[in-house]
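Novice: sequence below, structure please.
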Amino acid sequence: MDKQWAFVLRLLTLLFMLGGAIWLLQSISWLVALLLVSILIVYIFYPMLVYLKKRFRISHGLATALVFLTFILFCAFTVSLLIPVIYFEATELAESFPYYVERFQDYLYWISQQLIVLDVEAEVREYLVSLSDNLYQGVEYLAEASLSLIGGAVDIFIVLFLVYFLLSDFHTIRSQLIDIVPLKRRPLAENLLEIIDINVGTFIRGSLIRCFIVGVITGITLYIVGMPYAFLLGIIAGLFNFILYIGPYIAAVPAVLLSFSPLTPSPLFIILIYVVIQILDGLFLAPVVLGRIVNLKPITIIVAILAGGTLAGLLGMVLAVPVAGIIKSILELIKRGPAYHGDLTG
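Specialist: Predicted coordinates for the structure are as follows:
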C-alpha cells in the first residue's frame, strides 16, 4: 500500500508540474513566440558563423558581429526592395477591389441560379450568395492585421536583441545543456541535439530556398501570362509555401479570385499554373533541399500542420514539420537502442 500511495503521489506531482508548465507557457506565450522566431533565425545564420571562424580564423566575437551585420543588411535590403512594390500593387488592388467583388458577385449569382435548377439545399445557396459579403470582412481583418504589424515594432527590436546574443552564446548554451545530463547519458543527449539541428536547421534553410524559387517562378509565370499583381501574388505564393501541402493551395486562392475578371487569364489556366509549379516543387525542390524531413508521409505532415496551427497559429504550422521530423528521428533512435531489441528478444 505504501508503494502504491508513493506511486500515486509521484504521478499527481508530475501532473501538477506539467499543468503548471503549460500554464506558465500560456502566460508568457508572447515571449516564447519571440524566442522561437529568434532561434529559427539563428539556425539560418549560425552555419555562416562557423564557416567564418574556420575559414578565416577570426575570433568568435568578430564572427558574431559580421554575421549579425549581414542579417541586418539582408533585412534592410529585402525591405527596401519589396515594400515599395508591395505597397504600389496592394494600393492598386485595393482601388480595384470593388470591381472584382462585383464580378465575383455576378459569378456567384449565376452559380446560385444553376443550383436552383438542380434543386440544391437553400442553405448552400444562401451561403454562396453571402460569400461575397464575407470578402469585405476579410479585407477589414487584413487592415486590422496591418495595424498590429505596425504596432509590433517593439517585437522586432526584441528579436534583434535575442538573435545577437543567441548567435554569440549558441555553442555555449548547447555545451551547458549537455553538461547537465549525467555522464553516461551524454552521448544520447548529443544525438538528440544533432537530431534537432538536422531537422530544424535543414527544414528552415531548405524552406527558404524553396519559397524563394517558388515565389520567383510563380511571379514570373503570372507576369508572362498577363496576370495583374503578379509580383504580389508571387510573394504570397513564396510565403505560404513554407506550409507543406496546405500552404500552396491557400496561396492560389487570391490568384483564382482575381482571374474571374475578363481582363485576366481563365481561372482554370491559373489553377493549372499553380498545380504545375507545385508538382515541380514536390518532385524536385522538396526532395533536394529538405532531404530526409520530407520522407514523412503526407498524412503525417498534414495532421502535424493542422495540430500546430490549432496550438500555436501560423508559427505552429511552420514548426509542425520539423517537430514531426524530430519525433520520427527520436523513435528511430530508440529502435536502434539495445533496450528496444532487448524487449523484443524478451
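
Novice: could I get the pLDDT score of the closest residue to Ala324 other than its chain neighbours?
Specialist: Leaving aside its chain neighbours, Ala324 sits nearest to Ala304 (4.1 Å; criterion: Cβ to Cβ, 6 or more residues apart in numbering). Any C-beta I mention is one placed from the backbone N, CA and C, and that applies to glycine too. For Ala304, the pLDDT comes out at 88.

Novice: which stretches in the stretch 101-250 of the chain count as helices?
Specialist: 122-150, 153-180, 186-196, 202-224, 230-240, 247-258 (DSSP state H, counting those that start in this stretch).

Novice: Ile273: which of the ones you listed is closest?
Specialist: Ile273 sits nearest to helix 202-224 of all the helices of the stretch 101-250 of the chain, at 5.7 Å, using Cβ to Cβ.

Novice: from the contact counts, what lies against the closest one?
Specialist: Contacts defined by 3 or more Cβ pairs under 8 Å, 6 or more residues apart in numbering; DSSP states H and E place helix 202-224 against helix 29-56, helix 230-240, helix 267-280, helix 286-290, helix 298-336.

Novice: nearest to Phe203, out of those?
Specialist: Phe203 lies closest to helix 298-336 among these, at 4.3 Å (Cβ to Cβ).

Novice: what angle separates that closest one from helix 29-56?
Specialist: Helix 298-336 runs at 60 degrees relative to helix 29-56, counting by axes from the mean of the first three to the mean of the last three Cα atoms, to 10 degrees.

Novice: any regions of the chain where pLDDT drops low?
Specialist: 1-3, 101, 104-105, 107-152, 291-294, 337-346 (pLDDT under 70).

Novice: how does it divide into domains?
Specialist: What automatic domain parsing lists as the domains of the chain is 30-180, 186-337.

Novice: check the offset of the last one from the chain's centre.
Specialist: For domain 186-337, the distance between its averaged C-alpha position and the chain's averaged C-alpha position is 8 Å (Cα atoms, centre = their mean, to the nearest Å).

Novice: adjust the sequence numbering to begin at 880 for everything that follows.
Specialist: New numbering, starting at 880: the last item is domain 1065-1216.

Novice: tabulate the domains of the chain in TSV, adding columns for distance to Phe886 and mean neighbour count.
Specialist: Conversion of the domains of the chain to TSV gives the following (distance: least, Cβ to Cβ, whole Å; neighbours: other Cβ atoms under 10 Å):
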stretch	distance to Phe886	mean neighbour count
domain 909-1059	26	13
domain 1065-1216	24	17
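
Novice: closest to Leu890 out of those?
Specialist: With Cβ to Cβ as the criterion, Leu890 lies closest to domain 1065-1216 of those, at 22.9 Å.

Novice: which among the domains of the chain is found nearest to Gln883?
Specialist: Closest to Gln883 of the domains of the chain, according to Cβ to Cβ: domain 1065-1216, at 28.8 Å.

Novice: right, and Met927 touches Val946 too?
Specialist: Yes - with contacts counted by Cβ atoms under 8 Å, Met927 reaches Val946, the gap being 5.2 Å.

Novice: returning to that earlier point: just so I know, which of the domains of the chain lies nearest Gly899?
Specialist: Going by Cβ to Cβ, the one of the domains of the chain nearest Gly899 is domain 909-1059, 15.1 Å.

Novice: dump the domains of the chain into TSV; add distance to Ile901 as well.
Specialist: Output for these, formatted as TSV (distance: least, Cβ to Cβ, whole Å):
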stretch	distance to Ile901
domain 909-1059	12
domain 1065-1216	11
